[in-house]
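1. model the structure of this input:
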Amino acid sequence: MGEGMDGLGIDISAIGQSLLARAPGVLFALAIFVIGRWLSGRIAWGLETGFNKAPNADASLSRFFASLVRYAILLVTVIAALTVLGINTSSLSGMILGLGVAMAFILKDSLSDVAAGVMLMIFRPYNVGDEVEIDGTKGVVQTLAITATRMKTRNNIEIIVQNSKAWGGVVRNHNALEKRRLDMVFGISYDADIDTAIKAMTSAAAADPRIYKDPAPWAKVVNLGESSVDIELRVWSDYNDLRNIKVDISQPVKAALDAAGIGIPYPHEVVVKQTTNKHKPVAA
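-> Residues are numbered from 1 along each chain as shown. As a prediction, the model looks like this:
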């Protein structure tokens, strides 16, 4: 048996020398990986912290960008460590690129939601707490995530809308502008005095402290119906008061019209009872 050979004919000394020769490279690769991993975490944390200090920053968007940077640094770190070990990384890079293209094709719809989420977080067409209408669905925004927007309806139903529908469609933000107008139509009878009715309606609206004095309540005839003259009352208020005013305004307007002697028409049904003569006609 040769020197340095074991019972199986393996040259232990040669293996030891090979390991010693590779040890510096292995240690160097391990150091690259450890340092790269530490750097990726520190850089990602620094980016997220910096993004969050910006005006109108969004924590979800900051975390998303920081994660992208972290994983990109980790990928470069792994490739660098493998290169130090003498491993050909060109095939690995090609495989990663091909896998990325395949995943992008498979997840194209999800990626479009992600891209739309990024744009929504940057341009902010709506914020958490806003009442919006997205893709025909109306609700109050609860969360704006990277792929979807969660909303809650007034009757407490949760709705999840893909961000691509929000970014690529029409978004109606009902409380983006603080000042809002409320239009309501009231009918009066044809024999009522229109000017008196208009004064009664606008005075009733002006008495509500939630309704703006400037612009002042406005009322005009907008339609001549089959049984009524329709007057539209327009008032301006804060958005947060709009819903309650819409519920409350009818009662004082009705009371003001009653006090002014203005009748409000309502459908009447006249039943005509036809009677027949039970007696037979007398023959001539």
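2. could you use CA atoms for every contact and neighbour count after this?
-> Noted.
3. helices of the chain, residue ranges please.
-> 12-53, 59-84, 90-106, 108-123, 163-168, 194-206, 239-248, 250-259 (DSSP state H).
4. dump those helices into CSV; add distance to Arg154, mean pLDDT and mean neighbour count as well.
-> Formatted as CSV, the helices of the chain follow (distance: least, Cα to Cα, whole Å; pLDDT from 0 to 100; neighbours: other Cα atoms under 10 Å):
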stretch, distance to Arg154, mean pLDDT, mean neighbour count
helix 12-53, 31, 75, 15
helix 59-84, 26, 78, 17
helix 90-106, 37, 61, 12
helix 108-123, 23, 76, 18
helix 163-168, 20, 86, 19
helix 194-206, 26, 95, 19
helix 239-248, 11, 90, 14
helix 250-259, 22, 94, 16
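5. can you add distance to Thr149 and give these back as TSV?
-> Below are those laid out as TSV (distance: least, Cα to Cα, whole Å):
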stretch	distance to Thr149
helix 12-53	20
helix 59-84	12
helix 90-106	22
helix 108-123	9
helix 163-168	6
helix 194-206	38
helix 239-248	22
helix 250-259	36
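6. looking at the ones you listed, which is closest to Asp135?
-> Distance to Asp135, taken as Cα to Cα, is lowest for helix 163-168 among the helices of the chain, at 6.4 Å.
7. which one, of the helices of the chain, ends up nearest to Arg181?
-> Per Cα to Cα, nearest to Arg181 of the helices of the chain: helix 239-248, 8.0 Å.
8. could you tell me the angle between that closest one and helix 194-206?
-> 130 degrees (axes from the mean of the first three to the mean of the last three Cα atoms, to 10 degrees).
9. for helix 239-248, packing partners?
-> For helix 239-248, the packing partners by 3 or more Cα pairs under 8 Å, 6 or more residues apart in numbering; DSSP states H and E come out as strand 179-188.
10. would you mark the buried spots in the strand it packs on?
-> For strand 179-188, the neighbour count (16 or more other Cα atoms under 10 Å) marks 180, 182, 185-188 as buried.
11. could you do stretch 217-229 as well?
-> Buried residues in stretch 217-229 (16+ other Cα under 10 Å): 217-219, 221, 228-229.
12. widest-spaced pair of those?
-> Within the buried residues of stretch 217-229, Pro217 and Ser228 form the most distant pair, 21.6 Å apart (Cα to Cα).
13. Glu178 against Leu242, yeah?
-> No - look at Glu178 against Leu242 with Cα atoms under 8 Å: they stay out of range, at 10.4 Å.
14. before we move on, the earlier item: of all the helices of the chain, which lies closest to Thr143?
-> helix 59-84 (10.0 Å).
15. quick one: the closest one to helix 108-123, angle?
-> Computed by the same axes, to 10 degrees, the angle between helix 59-84 and helix 108-123 is 120 degrees.
16. helix 59-84 packs against which elements?
-> Helix 59-84 packs on helix 12-53, going by 3+ Cα pairs under 8 Å, 6+ apart.
17. list the contacts for the residue positioned nearest the centre of the chain?
-> In the chain, the centroid-proximal residue (Cα atoms, centre = their mean) is Thr149; its distance is 4.3 Å. Thr149 makes contact with 141-143, 160-163, according to Cα atoms under 8 Å, 6 or more residues apart in numbering.
18. ranking those by neighbours, who comes first?
-> Highest neighbour count within the contacts of Thr149: Asn163, with 27 neighbours (other Cα atoms under 10 Å).
19. contact partners for it?
-> Asn163 sits next to 113-114, 116-117, 120, 146-149 when contact means Cα under 8 Å, 6+ apart.
20. any chance of those residues in JSON lines, plus distance to Leu27?
-> Listed next are these as JSON lines, based on distance: Cα to Cα, whole Å:
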{"residue": "Asp113", "distance to Leu27": "43"}
{"residue": "Val114", "distance to Leu27": "39"}
{"residue": "Ala116", "distance to Leu27": "44"}
{"residue": "Gly117", "distance to Leu27": "42"}
{"residue": "Leu120", "distance to Leu27": "46"}
{"residue": "Ile146", "distance to Leu27": "40"}
{"residue": "Thr147", "distance to Leu27": "41"}
{"residue": "Ala148", "distance to Leu27": "45"}
{"residue": "Thr149", "distance to Leu27": "47"}
